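# Provided below are the primary sequence and the corresponding predicted coordinates.
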Amino acid sequence: MDVLMIQSFAEPGLTHFLIVSAILFSLGIMAVLSRRNTIMVLMGVELILNSANINFIAFSRFTELSLDGQMIGLFVIIIAAAEAAVALAIVLNVYNRFKTINLDEISLLKG
Amino acid sequence: MVEHTLHSIGQYLPEIVILATLCVIIVADLFIKSERHTTGWIMLAGLLLAGYFTILQSGRSESVFYDMVAVDPFAVFFKSVLILAGLFVVFFSMKSLELENYKSRIGEYYMLLAGMMLGMLMMVGSTNLLLMFLALEITSISSYVLVGFTKKSLRSSESSMKYIIYGAVSSGVMLYGISLLVGVTSATDIYAINKALVAGVDQTLILNIAVLMIIVGLGFKIAIVPFHFWAPDVYEGAPITIAALLAVASKIAAFGMMIRFFSVTFIDSAGFSAAGVWSAIDGIHWDILLGGMAALAMIVGNLTALRQDNIKRMLAYSSIAHAGYILMGLVILTSEGLTAILIYLFIYLFMNLGAFYVAMLFMNKAGTESIEEYKGLGFRAPLAGVALTIFLVSLTGLPPTGGLVAKLYIFGAAISAGWIWLVVIAGITTVISLFYYIRVVRNMFFFKPEDDAPELTFDLTSKLILFALLIPTLLLGIYFAPLLEFAKSSMSMIGF
């Protein structure tokens, strides 16, 4: 049993990568749902995007998807950077107006 | 290979023109420091040129850029509708008083608008999951900034922050879904995915999760329940021109992408019967799931709109309800239902833009967005008051307006496909919607204005824009045969 386990870790397969990405995805969703600081929420979003990236790269390594998956991975990195830049600009503007970035305290709009 | 690429570039001219417009606006903004909307006129010229090239594409049906993009009647229909919406929004922006305080940055505004148009045109044409996601993100990222464009306003800042958080999370979830779908089928373009699905895949559980996650992303874009929470806040806080664009154009583009994705990917090429349509993946009953979402959207949207006072917020809930009505056509997924969607979207463009436009005129002149303060406005501005009445009557779906035709076709398609319970819910919620639309009309016309309240006058161009929206809304209620033909002939997709 021990030998088998060690062997399976020595040669990681598709399943291992999918499990890591699923864990990352769940952590990202948890961060988005539980954090009240906007920056932490945005970091959760980064986790989600990167978990999808792990999926793409793993599939491109282990299935017939070949290089398509890695190409998508590159595009996703760019998208994530662009989104983070815009998000930080918006958060900066919100901080200038409200003097806080706590999501619960920014609630003029409701109903 | 080179020939194919060069040929493909020739088929991609509308998008290329919009992209060039974007670049020209950036450069022009550096040099031209006039107080007038020069960049807006550049944007207008770019949109007209793109519209011209889109019309040239009509009748063609081919797949370009190695199955990345489809140029077919379906894409041409959506592109023309989107460009029409873009033209109206540029005109609105030139008339908007809200944007006057940001004159020095107006070039940025039009630049982002061009970016959003580019993304939306790409959304309706792309047939590759990567390109679909990129198009969706181009649209989203531009619109996050546009929503917060009036950055000195607290409400605008807050709404853009809420929008980007909801948007980023849902597009992240969608991307994870795409990664699973791509992994299970080992293909990125929707034709190959369809082939793999028809041949059968082993991991049905993963496949179902993947499709659910993709529905989250698309559902966010069309603002369907339960992914609608952003819509009221964002529409209320955004500049009214952008709220109109989000309610009309971005919803139309998302529906275009959703229809293409579902009808090409999950169709069983063996037959186009009602049962065979959704059968490419088993597990969840997709039609019932989407039907339930549509029903919820109608109920939640219409009931919540009843107690709104801000007109933009009211229109936001009404647009959620309309997304529910439109989704009915997708639930059926027959070509009759999809044709009904095209008709609905075309009419929805005029009536909803019209309602937002009159709300903007009232905001400019009377300085209010509150429905309570609309009391007597019908007497102070008879033309705008009557026009708003017609737009709202059309949104309800009463004769003799285009809204009736739109609802009639979609209800008829749903009945003939046997979705009686959905049509019953749609009918009941339509009656409910009458209350909140008519409340605006009652406030405008059933109260006398205060004696010292001045009459509101609008200049000639404002009136012309109003008529350009009003006449189609009325005309399509009486004479809609050409639209019907147009929609029917547009209902041909590659791989459908």
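Structure received.

# element containing the residue most central in space within chain B?
Geometric centre of chain B, nearest residue: B:Lys251, 2.3 Å, by Cα atoms, centre = their mean. Counting by DSSP states H and E, the element that carries B:Lys251 is helix B:251-265.

# and if you look at B:Leu434?
Per DSSP H and E: helix B:420-445 holds B:Leu434.

# any idea how far whatever helix or strand comes next after that helix is from the chain center?
Counting by DSSP H and E, the next helix or strand C-terminal to helix B:420-445 is helix B:460-478. Here the centre of helix B:460-478 is set off from its chain's centre by 19 Å, with Cα atoms, centre = their mean, to the nearest Å.

# Now do the same for the very next helix or strand once past helix B:460-478: mean pLDDT, whole number.
Sequence-wise, the next helix or strand beyond helix B:460-478 is helix B:481-490, with elements assigned using DSSP H and E. Across helix B:481-490, the average pLDDT comes to 92.

# where in the stretch 51-200 of chain B is pLDDT low?
Under the criterion pLDDT under 70, no range of the stretch 51-200 of chain B is flagged.

# Around chain A, which positions in it sit nearby?
Within the stretch 51-200 of chain B, the positions near chain A by Cβ under 8 Å from any Cβ of the partner chain are B:130, B:133-134, B:137, B:141, B:144-145, B:148, B:151-152, B:154-155, B:157-162, B:164-165, B:168-169, B:172-173, B:175-176, B:178-180, B:182-183, B:186-188. Just so you know, the C-beta spots here come from the backbone N, C-alpha and C atoms, and that holds for glycine as well.

# gap between the residue lying closest to B:Lys95 once chain neighbours are set aside and chain A?
Leaving aside its sequence neighbours, B:Lys95 sits nearest to B:Ser462 (Cβ to Cβ, 6 or more residues apart in numbering or on different chains; 5.7 Å). As judged by Cβ to the nearest Cβ, to the nearest Å, B:Ser462 and chain A stand 28 Å apart.

# Can you give me the distance of B:Ser462 to B:Ser96?
As for B:Ser462, its distance to B:Ser96 is 11 Å (criterion: Cβ to Cβ, to the nearest Å).

# isn't B:Leu218 right up against B:Met174?
Yes - if you go by Cβ atoms under 8 Å, B:Leu218 and B:Met174 touch, sitting 7.2 Å apart.

# Look at those two and report which has more neighbours.
Remark: of B:Leu218 and B:Met174, B:Met174 carries more neighbours, 26 against 21, as counted by other Cβ atoms under 10 Å in any protein chain shown.

# what comes up buried for the helix or strand hosting that one?
Using DSSP H and E, B:Met174 maps to helix B:154-185. Buried residues in helix B:154-185, counting neighbours by 16 or more other Cβ atoms under 10 Å in any protein chain shown, are found at B:156-185.

# What of stretch B:18-25?
Neighbour counts over stretch B:18-25 (16+ other Cβ under 10 Å) mark B:18-19, B:21-22, B:24-25 as buried.

# next one: stretch B:474-482
B:476-477, B:480.

# contacting residues for B:Gly477?
Counting by Cβ atoms under 8 Å, 6 or more residues apart in numbering or on different chains, B:Gly477 touches B:394, B:399-405.

# mind checking how far it is from B:Ile326?
Distance, B:Gly477 to B:Ile326, using Cβ to Cβ: 18 Å.

# And for B:Phe92?
Counting by Cβ to Cβ, the gap from B:Phe92 to B:Ile326 is 23 Å.

# now B:Val64
Note on B:Val64: its distance to B:Ile326, by Cβ to Cβ, is 28 Å.

# For chain A, just list every one of the strands.
With DSSP state E as the criterion, chain A has no strands.

# Mind naming the longest helix for it?
For chain A, the longest helix by residue count, based on DSSP state H, is helix A:67-98.

# Is that one positioned near chain B?
Yes - residues of helix A:67-98 contacting chain B under Cβ under 8 Å from any Cβ: A:68-69, A:71-72, A:75-76, A:79, A:82-83, A:86-87, A:89-91, A:93-94, A:97-98.

# Check which residues of the helix holding B:Leu434 are buried.
For helix B:420-445, burial by neighbour count (16+ other Cβ under 10 Å) applies to B:422-423, B:425-426, B:429-430, B:432-434, B:436-437, B:439-441, B:443-445.

# coming back round to it: more crowded one of B:Phe92 and B:Ile326?
B:Ile326 (26 against 23).

# What subset of the residues of helix A:67-98 next to chain B is buried?
Among these, those that count as buried by neighbour count (16+ other Cβ under 10 Å) are A:68-69, A:72, A:75-76, A:79, A:83, A:86-87, A:89-91, A:93-94, A:97-98.

# name the helices or strands packed onto the helix or strand where B:Val211 lies?
With secondary structure defined by DSSP H and E, B:Val211 is part of helix B:204-222. Judged by 3 or more Cβ pairs under 8 Å, 6 or more residues apart in numbering or on different chains; DSSP states H and E, the packing partners of helix B:204-222 are helix B:129-147, helix B:154-185, helix B:251-265, helix B:286-305, helix B:311-332.

# try 10 Å
Judged by 3 or more Cβ pairs under 10 Å, 6 or more residues apart in numbering or on different chains; DSSP states H and E, helix B:204-222 is in contact with helix B:129-147, helix B:154-185, helix B:230-237, helix B:251-265, helix B:286-305, helix B:311-332.

# So which bits of the next helix or strand after the longest one are buried?
The helix or strand immediately downstream of helix B:154-185 is helix B:190-199, counting by DSSP H and E. Of the residues in helix B:190-199, those buried under the neighbour-count criterion (16+ other Cβ under 10 Å) are B:190-191, B:193-194, B:196-197.

# Show me what helix B:190-199 is in contact with.
Under the contact criterion Cβ atoms under 10 Å, 6 or more residues apart in numbering or on different chains, helix B:190-199 has outside partners B:63, B:67, B:70, B:126-129, B:132, B:181-182, B:184-187, B:189, B:201, B:207, B:260-270, B:279-281, B:494-495.
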